[in-house]
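> starting from these lines, generate the structure:
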Amino acid sequence: MMLGYFLMARHVFFSFHYERDIWRASQVRNSWVTKGDGEAAGFWDAASWEAVKRRGKDAVEQWIRNQLDGTSVTVVLIGEETANRPYVQYEIEQSWINGNGLIGVYIDKMEDSDGNVGTRGADPFVVMGYKGIRTYCYVNGDGYNNLGDWIEAAYKRAQNRE
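Modelled structure (predicted):
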């Protein structure tokens with residue numbers, strides 16, 4: 001089957017509240033990577049996260065900037081407390097400055113490692129005063145099959161941003 005357009009693989013930064021949402025975020029990220037849609041940045045294990053955090057805010061922010069380098073879209077995985085997390089807000093700000101496409105994906109209806117679903121959190125883009133950033137629900141919007149299209153659309157919107 002021939003597609004009407006060529007979908008380029010994107011290098012995507014995933015932003016999320018680490019302590020609370022790593023399980024759900026890993027499910028989203030793994031579906032993105034294993035489907036061959038692109039490469040993911042912004043993931044690390046708990047030991048690495050704790051080591052960088054111990055070095056302080058400047059070290060974490062430098063790590064974030066390094067991870068964002070070369071990415072074209074930032075996907076903010078929105079859980080219960082994501083909107084008010086300082087590093088998530090920093091990732092959004094830096095993504096905007098870098099010209100990345102931005103989207104939000106609600107992950108509250110996904111199960112965590114204990115089988116619990118979360119409560120929908122606030123839209124971080126609205127909290128921070130960004131307008132026109134699209135959000136989707138991973139479960140209701142069939143994110144497993146549609147995330148690549150959402151990412152590509154965010155990339156195209158960013159190309160038209162002044």
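
> for the chain, what helix or strand is lowest in average pLDDT?
None of the helices or strands of the chain scores lower by mean pLDDT, DSSP states H and E than strand 38-41, at a mean of 56.

> name the residues of stretch 82-92 that come out as buried.
With burial defined by 16 or more other CB atoms under 10 Å, the residues of stretch 82-92 counted as buried are Thr82, Ala83, Arg85, Tyr87, Val88, Gln89, Tyr90, Glu91, Ile92. Using the backbone N, CA and C atoms, a C-beta is placed for each residue, glycine as well.

> just stretch 123-137 next, same as before
Judged by neighbour count using 16+ other CB under 10 Å, the buried positions of stretch 123-137 are Asp123, Pro124, Phe125, Ile133, Thr135, Tyr136, Cys137.

> including distance to Tyr18, could the buried residues of stretch 82-92 go into JSON lines?
JSON lines is the format used below for these (distance: CB to CB, whole Å):
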{"residue": "Thr82", "distance to Tyr18": "10"}
{"residue": "Ala83", "distance to Tyr18": "15"}
{"residue": "Arg85", "distance to Tyr18": "9"}
{"residue": "Tyr87", "distance to Tyr18": "8"}
{"residue": "Val88", "distance to Tyr18": "9"}
{"residue": "Gln89", "distance to Tyr18": "14"}
{"residue": "Tyr90", "distance to Tyr18": "13"}
{"residue": "Glu91", "distance to Tyr18": "11"}
{"residue": "Ile92", "distance to Tyr18": "15"}
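
> go through those and flag which are in strands.
Here DSSP state E is the test, and the buried residues of stretch 82-92 give no hits in strands at all.

> with distance to His17 and pLDDT as extra columns, can I get these in CSV?
Listed next are the buried residues of stretch 82-92 as CSV, based on distance: CB to CB, whole Å; pLDDT from 0 to 100:
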residue, distance to His17, pLDDT
Thr82, 5, 96
Ala83, 9, 97
Arg85, 5, 96
Tyr87, 9, 94
Val88, 6, 96
Gln89, 11, 97
Tyr90, 13, 97
Glu91, 11, 96
Ile92, 13, 98
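
> which among the residues you listed gets closest to Arg161?
Nearest to Arg161 among these, counting by CB to CB, is Ile92 at 14.2 Å.
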